[in-house]
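Engineer: for reference, the sequence and a predicted model appear below.
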Amino acid sequence: MTLMRRLVIVAYKPKPGKADELKELMKTHLPRLREQSLVTDRESVIMEAADGTIVEVFEWLSEEVIQQAHLNPAVQQMWAEYAAVCDYVPLNSLKEAGDLFAGFSPLN
């Protein structure tokens, strides 16, 4: 069976006063997923919207590993850390998403 890799785009809106904590947590995201063999070697792209929302593009190994992540205790712990500092928001809620060429400030 051939695994179909999945590129995803995620938007993390920092909770009030938690922007710096979120930015620090973002540095650990991909390494922690790699430790669990859930993502590819492709580097993520991390950027910031004008309203402070952090946008990340990264690549899961497959749709199956995304489902496995929901049962993985290490991933569950990481997601709890994210929940403490941000909310996940739809990409189309960002002003930039309505622009023909959506522009963001690079963070990595």
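Structural biologist: Here it is on my side, so go on. Numbering: from 1, shown residues only.

Engineer: all helices of the protein, in order?
Structural biologist: Along the chain, counting by DSSP state H, helices occupy 19-35, 63-69, 73-85.

Engineer: residue 95 is nearest to which of these?
Structural biologist: helix 19-35 (17.3 Å; C-beta to C-beta). For every residue, glycine as well, the C-beta is placed using N, CA and C.

Engineer: could you give the average pLDDT over the closest one?
Structural biologist: The average pLDDT for helix 19-35 rounds to 97.

Engineer: so for that helix, what gets flagged as buried?
Structural biologist: 19, 22, 23, 25, 26, 29, 30, 32, 33 (16 or more other C-beta atoms under 10 Å).

Engineer: want to throw these into TSV with distance to residue 83?
Structural biologist: Formatted as TSV, these follow (distance: C-beta to C-beta, whole Å):
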residue	distance to residue 83
19	15
22	11
23	16
25	11
26	14
29	14
30	18
32	15
33	16
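
Engineer: neighbouring contacts of the lowest-mean-pLDDT helix or strand in the chain?
Structural biologist: Least confident helix or strand, the chain: helix 63-69 with a mean of 93, by mean pLDDT, DSSP states H and E. Surrounding helix 63-69, the residues in contact under the criterion C-beta atoms under 8 Å, 6 or more residues apart in numbering are 3, 4, 6, 33, 36, 37, 38, 39, 60, 75.

Engineer: to residue 101, which of the helices of the chain lies closest?
Structural biologist: helix 19-35 (23.4 Å).

Engineer: can you pull the buried residues of the strand ranked longest in the chain?
Structural biologist: Counting by DSSP state E, the longest strand found in the chain is strand 6-14. Neighbour counts over strand 6-14 (16+ other C-beta under 10 Å) mark 6, 11, 12, 13, 14 as buried.

Engineer: got the angle between it and helix 73-85?
Structural biologist: 40 degrees (axes from the mean of the first three to the mean of the last three C-alpha atoms, to 10 degrees).

Engineer: what strands line up against strand 6-14, and which way round?
Structural biologist: strand 54-60 (antiparallel), strand 86-89 (antiparallel) (DSSP bridges).

Engineer: mind checking which of those is nearest residue 96?
Structural biologist: Nearest to residue 96, of the strands paired with strand 6-14 and by C-beta to C-beta, is strand 54-60 at 8.3 Å.
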